[in-house]
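Participant: For reference, the sequence and a predicted model appear below.
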Amino acid sequence: MLVFTLKNPKLGFVDPYELPKFIEIFSKKGNYKIWIGTDSHAKNSSVIYATAIVVYRIGSGGTYFYYTTRESKYYDMYSRLIKEAEISLKTAEFIEKILKLMKPEIHLDIGLNGKSKEVYYSITGYIRGLGYDYKTKPYSFAATNIAHLYTK
């Protein structure tokens, strides 16, 4: 079970169980999408992970919530990328199964260019195998842009 407190740039701290209420108010009971992405940064033998939950009100803009976790354990880049995917999947499962919201799309901080191409098919196969749609670089803004802001 995930234990975390969400933050929103305008609202401050938010109980994750209150997320459906915020989404209902924000979306004005209209159509919306949810995207989840996680990014990480290793420094001084620890890793900080930031996960963004982006809510997009179709045709009218979006907002996001995020949370961070820190591990006092060094991971090589490939293990960190796999851990990022796991955190995003756990968050997606929480949103879908506990909060009873729609199935989110997972945004991954990987692409076919650069070093992450070595784990690209393993991670995308894992995500697809669990029934989630996903985006990778350069289209995975929830991970590469929003979550990235909170990893430093």
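Facilitator: Nice, I can see it.

Participant: Local confidence estimate at Pro9?
Facilitator: Note for Pro9: predicted pLDDT of 84.

Participant: how close does the closest residue to it other than its chain neighbours get to Val54?
Facilitator: Ranked by CB to CB, 6 or more residues apart in numbering and with sequence neighbours excluded, the top spatial neighbour of Pro9 is Tyr64, at 7.9 Å. (Glycine included, C-beta is placed from N, CA and C.) Distance, Tyr64 to Val54, using CB to CB, to the nearest Å: 4 Å.

Participant: Pull up the overlap in contacts between the two.
Facilitator: 142, 146 (CB atoms under 8 Å, 6 or more residues apart in numbering).

Participant: For the two, indicate the residue with more neighbours.
Facilitator: Higher neighbour count among Tyr64 and Val54: Val54, with 23 against 20, using other CB atoms under 10 Å.

Participant: State whether that one is indeed within a strand.
Facilitator: Yes: using DSSP: H, G, I helix; E, B strand; the rest coil, the assignment for Val54 is a strand.

Participant: okay, and for this protein, where does confidence drop off?
Facilitator: Scanning the chain for pLDDT under 70 picks out the ranges 1-3.

Participant: At the geometric centre of it, which residue do we find?
Facilitator: Gly37 (2.4 Å; CA atoms, centre = their mean).

Participant: rewinding a little: helix, strand or coil: sort out the residue nearest to Pro9 for me.
Facilitator: Taking three-state DSSP, the label given to Tyr64 is strand.

Participant: quick one, what contacts it?
Facilitator: Tyr64 neighbours (CB under 8 Å, 6+ apart): 8-9, 52-55, 142, 146.

Participant: With Lys115 instead?
Facilitator: By CB under 8 Å, 6+ apart, the neighbours of Lys115 are Met77.

Participant: The helix ranked longest in the chain - contacts with which helices or strands?
Facilitator: When the chain is parsed with DSSP state H, its longest helix is helix 77-93. If you count contacts as 3 or more CB pairs under 8 Å, 6 or more residues apart in numbering; DSSP states H and E, helix 77-93 packs onto strand 32-43, strand 46-57, strand 105-107, helix 117-129.
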